[in-house]
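*Asks:* curious how this folds, go ahead:
(one chain, ligands or ions: 2)
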Amino acid sequence: MDKVFVMDHPLIQHKITLIRDKNTGSKEFREVVKEIAMLMAYEVTRNLPLEEVEVETPVCKTKSKVLAGRKLGIIPILRAGLGMVDGMLSLIPAAKVGHVGLYRDPETLEPVEYYCKLPADVEERDLIVVDPMLATGGSANAAIQFIKDRGATSIRLVCLIAAPEGVKAVREAHPDVDIYVAAVDEKLNDHAYIIPGLGDAGDRLFGTK
Ligand code: PRP
Ligand code: URA
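*Replies:* Ligands and ions are numbered 1, 2, ... in the order given. Below is the predicted model of the structure:
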């Protein structure tokens, strides 16, 4: 499971428990998903390259570090991935945001693509694909393939809750993609829902049913 990072920070774990709770309503669910995404942005950007620049403080000149290297992009998988965008942007406000629209057909469980709008320079960016749930991995795999087909070469996947099956599927299909999750749960049920999971992330975020 190298290249699969489980973020076990106490704040993240506490907040994951809040969103698992079926009594957490949409307003609080949205707020907490945003907070978790912000904490995960901190971890996922830990290894970004730095370069030294000169800066003048009120007292003297000194050398200090700034981000170097490639620009960033955040790619939410619609719809539930939208819930993670603002949290990510609050730490990396200069990132551009692209959207990939996919839904999982309830009968076949296969991902169906319906939208794709990416930054024009997608091939020059380090991309962070976000989606709260990694269940079978079908949606994440399709979204990653979608953006690779448009030239992307540097991709990380950030999910809140994963099933072991989804992690395995993405590792097999896209071994170059590092996966960051807050929890790897027990299994999928017969409808490919994550057990224990948190239910349908899109419905809980947007209050649909
Ligand atoms: C959910 C979730 C993922 C997908 C995960 O989206 O947000 O995109 O399911 O399942 P998978 O790993 O088995 O593909 P859903 O298809 O419910 O669409 P929505 O976000 O529009 O509700
Ligand atoms: N999509 C969700 O929103 N929840 C799951 O448990 C599985 C897929």
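*Asks:* surely G83 is in a helix?
*Replies:* Yes - assigned with DSSP: H, G, I helix; E, B strand; the rest coil, G83 falls within a helix.
*Asks:* ok, it - contacts?
*Replies:* Contact partners of G83, counting by CB atoms under 8 Å, 6 or more residues apart in numbering, are 30, 33-34, 37, 132, 201, 205. C-beta here means a position set from N, CA and C on the backbone, and glycine is covered the same way.
*Asks:* mind picking the two most distant members of those residues?
*Replies:* K34 and A201 (13.1 Å; CB to CB).
*Asks:* higher neighbour count, these two?
*Replies:* For K34 versus A201, the count of surrounding residues by other CB atoms under 10 Å is larger for A201: 25 against 18.
*Asks:* just to revisit the earlier point, show me which of the contacts of G83 neighbour ligand 1.
*Replies:* Counting by CB under 6 Å from any ligand atom, 132, 201 from these sit close to ligand 1.
*Asks:* up against ligand 2, what does the protein have?
*Replies:* So far as CB under 6 Å from any ligand atom goes, the chain lies against ligand 2 at 133, 135, 193-194, 197, 200-202.
*Asks:* so how do I select the buried members of these in PyMOL?
*Replies:* The PyMOL command for the buried members of the residues of the chain next to ligand 2 (criterion: 16 or more other CB atoms under 10 Å) is given here:
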select buried, resi 133+135+193+194+197+201+202
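*Asks:* so which of the residues of the chain next to ligand 2 belong to strands?
*Replies:* 133, 194 (DSSP state E).
*Asks:* name the spans of this protein whose pLDDT lies under the cut-off.
*Replies:* 1-2 (pLDDT under 70).
*Asks:* the helices in it, which residues?
*Replies:* 10-20, 26-44, 85-91, 138-149, 164-173, 201-206 (DSSP state H).
*Asks:* how about the residues of this structure near ligand 1?
*Replies:* Proximity of the chain to ligand 1 (CB under 6 Å from any ligand atom) is limited to residues 77-80, 103-104, 111, 131-140, 166, 192, 200-202.
*Asks:* can I have the buried ones of those as a PyMOL selection?
*Replies:* Written as a PyMOL command, the selection of buried residues from the residues of the chain next to ligand 1, which uses 16+ other CB under 10 Å, is:
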select buried, resi 77+78+79+80+104+111+131+132+133+134+135+136+137+138+139+140+166+201+202
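*Asks:* hmm, back to that, pick out whichever of the residues of the chain next to ligand 2 sits closest to ligand 1.
*Replies:* G202 (2.5 Å; CB to the nearest ligand atom).
*Asks:* can you pull the contacts of the closest one?
*Replies:* Contacts of G202 by CB under 8 Å, 6+ apart are 79-80, 208.
*Asks:* what separates it from L102, distance-wise?
*Replies:* Distance, G202 to L102, by CB to CB, to the nearest Å: 11 Å.
*Asks:* and for G83?
*Replies:* For G83, the distance to L102 - CB to CB - is 15 Å.
*Asks:* also R20?
*Replies:* 24 Å.
*Asks:* flag every buried residue along stretch 53-67.
*Replies:* Buried residues in stretch 53-67 (16+ other CB under 10 Å): none.
*Asks:* which residues sit against that stretch?
*Replies:* Contacts for stretch 53-67 (CB under 8 Å, 6+ apart): 48-52.
*Asks:* ligand 1: which of the residues you listed is nearest?
*Replies:* Distances from ligand 1 to the contacts of stretch 53-67, taken by CB to the nearest ligand atom, are shortest for L48, at 26.0 Å.
*Asks:* thank you, goodbye.
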